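1. No letters, just coordinates:
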């Protein structure tokens, strides 16, 4: 299970700055300057701990894969970077085994899975879609 402490420990261990910054267009963003990374979090847009956990997990995907893009990038470049970050999140935070455990415990509806993983429902469903549709995993 993904914990915020894992996020902060990873960032500390890899010299990644976590910078609170109000007024961003999104709640979280990752920037790179040469070999250095910074994760910016707009706490005025983050309303719940669950939302914060989802943003932090996703931004770790950007840092871990290096999947970044310029603000002025074409749509397909932006989507490619987002897809890579989402794929990393599925492979490292919402794994096939995690879904098997949740289903075995009786959690089957999207909202139940979101509560079980304590992550936003859309993040959980992106990971589930990755395992089912992209990797061909049958959870039945």
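-> Happy to help now that I have it. Owing to the predicted nature of the structure, the values given are computational and were not obtained by experimental measurement.

2. From now on I want contacts and neighbour counts done on CA atoms only, so please keep to that.
-> Will do.

3. Check which helix or strand the residue nearest to the spatial centre of the chain maps to.
-> For the chain, the residue nearest the mean C-alpha position is residue 58 (2.0 Å; CA atoms, centre = their mean). Secondary structure assignment for residue 58, by DSSP states H and E: helix 49-65.

4. if you average pLDDT over that helix, what comes out?
-> For helix 49-65, the mean per-residue pLDDT is 97.

5. same question, stretch 25-32
-> pLDDT averaged over stretch 25-32 gives 94.

6. How about it, which residues are buried there?
-> 27-31 (16 or more other CA atoms under 10 Å).

7. Give me the contact list for it.
-> By CA atoms under 8 Å, 6 or more residues apart in numbering, the list of residues contacting stretch 25-32 from outside reads 37-46, 55-56, 59, 62-63, 68.

8. Relative to residue 88, which of those residues is nearest.
-> residue 62 (8.2 Å; CA to CA).

9. For the closest one, grab the count of nearby residues.
-> 26 (other CA atoms under 10 Å).

10. Look up how far residue 54 lies from it.
-> Distance from residue 62 to residue 54, counting by CA to CA, to the nearest Å: 13 Å.

11. Kindly report the same for residue 121.
-> For residue 121, the distance to residue 54 - CA to CA - is 9 Å.
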